[in-house]
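>>> Let me see the structure of the following:
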Amino acid sequence: MAKLRLCGPPSTMQFIEATRFFIARNDLTLNIREFHGNNTQDIFQDENVRVVPLVIYNHGHAAPAPQQSQESREVRGRVACHIQPNEGRDNDYIVHLRTQYNPAKHAMAVEAHPADPPAVTNAAAAHSHSQGPKPARRMKEFHKHLPWTSHIDAAVCYAVHTPDIPGKFDAKMADKLGVKPNMRSRLVKGEPVTVEDGRVVQPSECISPASPGSVVIIVHCPSASFVPSLIQDHRLAWEHYHSNPATKLIVHMTPRDVIISETYSAWMASFGSQVNHMVFNEDHCASEIVFQSSAVNLNKLSVLDESVFRKPFTVETPRFSIVQDFAGKPMNVCSGRPLDLFHLAPLNVLGLDRSESMKPLQPLIDSALAKLMDPNANAEFVAAYETLKLTPLSPVASLSSGFEVVCLGTGAALPSKYRNVSSTYLHVDGRGGLLFDAGEGSYGQLLRRYGAAQIAEIIRGIRCIFVSHMHADHHLGVLRILAHRAALSRGSPVEPVVIIGPTAYSFWLKEYCTQCEPLSDTYIYYDNFDFWQGNQDLTAECMRKLTDSLGISEVLICPVVHCPDAFAVAVKHTSGWKVVFSGDTRPCAQLDSMGKDCTILIHEATFEDNLSTEAVDKRHSTTTEAIQSALNMNARFLLMNHFSQRYPKIPVFDSRYNDRTGVAFDLMSVRPEYFHRLPSFLPCLTHMFTEEAAAEEDVADEEEKPAPKQQKKNN
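Predicted coordinates for the structure are as follows:
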């Protein structure tokens, strides 16, 4: 895809521009349109649909003027060189996603593993942290941004119009009027035709009137403070849709406390009883698992040890009944479910269709478990499982250290149905916890691990988030966690979370929180560079906070061999344990030194050994290299994660370190006194996924086959 049109509320442009710190797509051009107020230019229309945006504002926020000064437009084009105003249209921009970030200017000197060629080390760059000024100064050019604007709390609702349905062609009438078959296509196109006797036949004489298309309205009303704008600012538009029989469905993305209020429900009723309403919110909708194959997989794993392989929390019954909330009100209201269909035409099938909706999950789990434990179908797994049951379950008391490692995301690059992207939660008993990276979906994974009853306590208890580097799969989930902490603070104060990360990430957060969502008060930022350089003047306050809240006595950080400003971290606790997180890296001598004698090393193992060349090219580690790093550190235990999504289940790795190696799976939760149990799971894991791994390998082989050559046509 070379071009894409992106439309949205005020600040959409600022949001896209801020992503320059971690997104570069040289082959993609965005046409961005910001909606401001009621502007007829904002209406989108093609041959299939007509979309009318309706912008609503938080009560008390004035609607922004749609016009900008010529100076402002010129500054946008000059300061952010990859953004150009689309001439002739206000709030319309052409964006070329070419990042201004230059790795050669911001690389670090990193001591790589001796086996790697010099080309894969960051030391090959002309500048380094050890040789040059602090990144914030050297990134001055990169930090240029669009002119600051005040945050506008706005949401966009949409009225989607489908085309009119053409009338039917009356062949008998055409024959009667003398219209020959070869002339009828012109009538269908709306053109008149002249028959043999000289009469002009109009399309309306042979084609019945068109039926009006349908209208679907999508309402996003985030809170009660948006209701006055929703109802009053677009009063004339709503009156039009009230009287329009084409209005078939209104989708409400609105919280329960708003939608059941007298004002909002009266507005819903004003559309008439013939309109259907579908509601989406966390109270009226069940917390169903959409990726059911993932849930089945996690339930199969839990057979081995339910205390380690946790079943995902799911609630298939809404907290509040929408039927009871709208009882006695003259409206057709239902709560939405994943994969629901709503037919707009023809009229005889108009309405909700749940034939394709999510099926109950438990029967799928029961069937999978029955097949797994069938000795006739899975003799090798059953034999391994019987051996596993003989393994002692008792904890090793000497390793009891008062913390738990929870794997939220164990895959690389992109989420898959089996592995989410990088995120690991370290929970410290009675104190809270910290996150090592937080890729997209990290909040959802915490919710699946701890459930709705505990999620607020867990989110409130996160004291620190460590971001290893700027690749999006390692940090896109941070914003939602900050947003939930901000929501919790409205009930009782929540102390700002400590974020330790690259310089560029602080710029991204500052721009996003200033321009798009006011979250600046939810965090305090510290630079990885300052920890690496031992700048205690800048890190002492951070350490005081972490010691007081989590009992962390020391935070060690070192650069690693991956991308510019990539770091690993080691945290030491006052009780003596030490946890090391590698982030993404090639084998790295500085990391090995920093992690000496650690309790557990959480190390990436993106590739199997037969893909070592690809590991070098992409600056990742193989499974054997992760094991070697653990040996170099004298790590008590190794937990491998960040697997390529080509290994959705279990990768193949060297057996030299089997007695101290674990393979991470999403939602896996393990305490140090139970680390010794993880290696004993490996035989079961290998046989558990043999059949599925073979099927996936067949698919991969098929995808990698060259396309068949097309035969030349004979002229």
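>>> In the chain, which residue is most central in space?
In the chain, the residue lying closest to the centroid (CA atoms, centre = their mean) is residue 440, at 3.8 Å.
>>> show me what contacts it?
Contacts for residue 440 (CB atoms under 8 Å, 6 or more residues apart in numbering) come out as 415, 420-421, 472-473, 476-477. C-beta here means a position set from N, CA and C on the backbone, and glycine is covered the same way.
>>> Now for the residues you listed: which two are most distant?
For the contacts of residue 440, the maximum inter-member distance is 13.4 Å, found between 420 and 472 (CB to CB).
>>> Show me the common contact partners of those two, please.
Among the neighbours of residue 420, those also in contact with residue 472 (CB under 8 Å, 6+ apart) are 439-440.
>>> for the chain, what are the low-confidence residue spans?
Applying pLDDT under 70 to the predicted model, the residue ranges of the chain that meet it are 38-41, 60-91, 97-150, 647-649, 653-657, 690-715.
>>> Tell me the secondary structure at the closest residue to residue 391 other than its chain neighbours.
Excluding its sequence neighbours, the residue lying closest to residue 391 (CB to CB, 6 or more residues apart in numbering) is residue 680, at 4.7 Å. Going by DSSP: H, G, I helix; E, B strand; the rest coil, the secondary structure assigned to residue 680 is helix.
>>> gap between residue 680 and residue 637?
In this structure, residue 680 lies at 13 Å from residue 637, with CB to CB, to the nearest Å as the measure.
>>> again with residue 53
Remark: distance between residue 53 and residue 637 (CB to CB) = 54 Å.
>>> These two: which is more packed in?
It is residue 637, of residue 53 and residue 637, that has more neighbours when counted by other CB atoms under 10 Å, with 23 against 20.
>>> What are the neighbouring residues in contact with that one?
Neighbouring residues of residue 637 by CB under 8 Å, 6+ apart: 599-601, 660-662, 672, 675, 678.
>>> most surrounded residue in those residues?
The residue in the contacts of residue 637 with the most neighbours, by other CB under 10 Å, is residue 601 (29 neighbours).
>>> Would you verify that that one is located in a strand?
Yes. Residue 601: assigned to a strand according to three-state DSSP.
>>> any idea how far it lies from residue 191?
Here residue 601 is placed at a distance of 75 Å from residue 191 (CB to CB).
>>> ok, now residue 161?
Noted for residue 161: a distance of 25 Å to residue 191, by CB to CB.
>>> What of residue 323?
Computed with CB to CB, the distance linking residue 323 and residue 191 is 52 Å.
>>> before we move on, what about residue 592?
As defined by CB to CB, residue 592 lies at a distance of 78 Å from residue 191.
>>> The residue lying farthest from the centre of the chain: which element?
Residue distances from the centre of the chain (CA atoms, centre = their mean) peak at residue 197, which lies 67.0 Å from the mean C-alpha position. For residue 197, there is no enclosing helix or strand under DSSP states H and E.
>>> Just give the nearest non-adjacent residue to it, would you?
Counting by CB to CB, 6+ apart, residue 197 lies nearest to residue 178, which is 6.6 Å off, once chain neighbours are set aside.
>>> For residue 191, see how far away the residue nearest to residue 391 is.
Counting by CB to CB, the separation of residue 680 from residue 191 is 78 Å.
>>> So those two - more neighbours on which side?
Neighbour comparison, residue 680 and residue 191: the larger count goes to residue 680, with 20 against 11 (by other CB under 10 Å).
>>> just checking, that one touches residue 390?
No. Counting by CB atoms under 8 Å, residue 390 is not a contact partner of residue 680; they are 9.7 Å apart.
>>> now the residue lying closest to residue 517 once chain neighbours are set aside: how far from residue 513?
Leaving out its chain neighbours, the residue that sits closest to residue 517 by CB to CB, 6+ apart is residue 483, at 6.8 Å. Between residue 483 and residue 513 the distance, using CB to CB, works out to 10 Å.
>>> Need the overlap of contacts for those two.
By CB under 8 Å, 6+ apart, residue 483 and residue 513 have these common neighbours: residue 519.
>>> Between the two, which has more neighbouring residues?
For residue 483 and residue 513, the more surrounded residue by other CB under 10 Å is residue 513, and the numbers stand at 19 against 15.
>>> so the more buried one makes contact with residue 519?
Yes. In this structure residue 513 lies within contact range of residue 519 using CB under 8 Å: 4.5 Å.
>>> Now do the contacts for residue 498.
Taking CB under 8 Å, 6+ apart as the contact definition, residue 498 lies against 463-465, 523-524, 526, 542, 545-546.
>>> May I ask which two of those residues are separated the most?
Comparing the members of the contacts of residue 498, the greatest separation, given CB to CB, is between 523 and 546, at 13.9 Å.
>>> Comparing residue 420 and residue 472, which residue is more hemmed in?
Under the neighbour definition other CB under 10 Å, residue 420 and residue 472 were set side by side, and residue 420 has more, 27 against 16.
>>> State the distance from that one to residue 603.
Summarising the geometry, the distance separating residue 420 from residue 603, computed by CB to CB, is 18 Å.
>>> do the same with residue 623
From residue 623 across to residue 603, the span is 10 Å (CB to CB).
>>> can you list residues touching both of those two?
When contacts are counted by CB under 8 Å, 6+ apart, residue 623 and residue 603 have residue 640 as shared neighbours.
>>> When the two are compared, which one has more neighbours?
Neighbour tally, residue 623 and residue 603, criterion other CB under 10 Å: the higher count belongs to residue 603, 30 against 25.
>>> surely the more buried one meets residue 640?
Yes. In this structure residue 603 lies within contact range of residue 640 using CB under 8 Å: 6.1 Å.
>>> Overlap in contacts, the two.
Shared contacts of residue 603 and residue 640, defined by CB under 8 Å, 6+ apart, are found at residue 626.
>>> mind listing what the helix or strand where residue 463 lies pairs with, with the direction of each?
Residue 463 is located in strand 462-466, with elements delineated by DSSP H and E. Taking DSSP bridges as the criterion, strand 462-466 pairs within the sheet with strand 432-438 (parallel), strand 497-501 (parallel).
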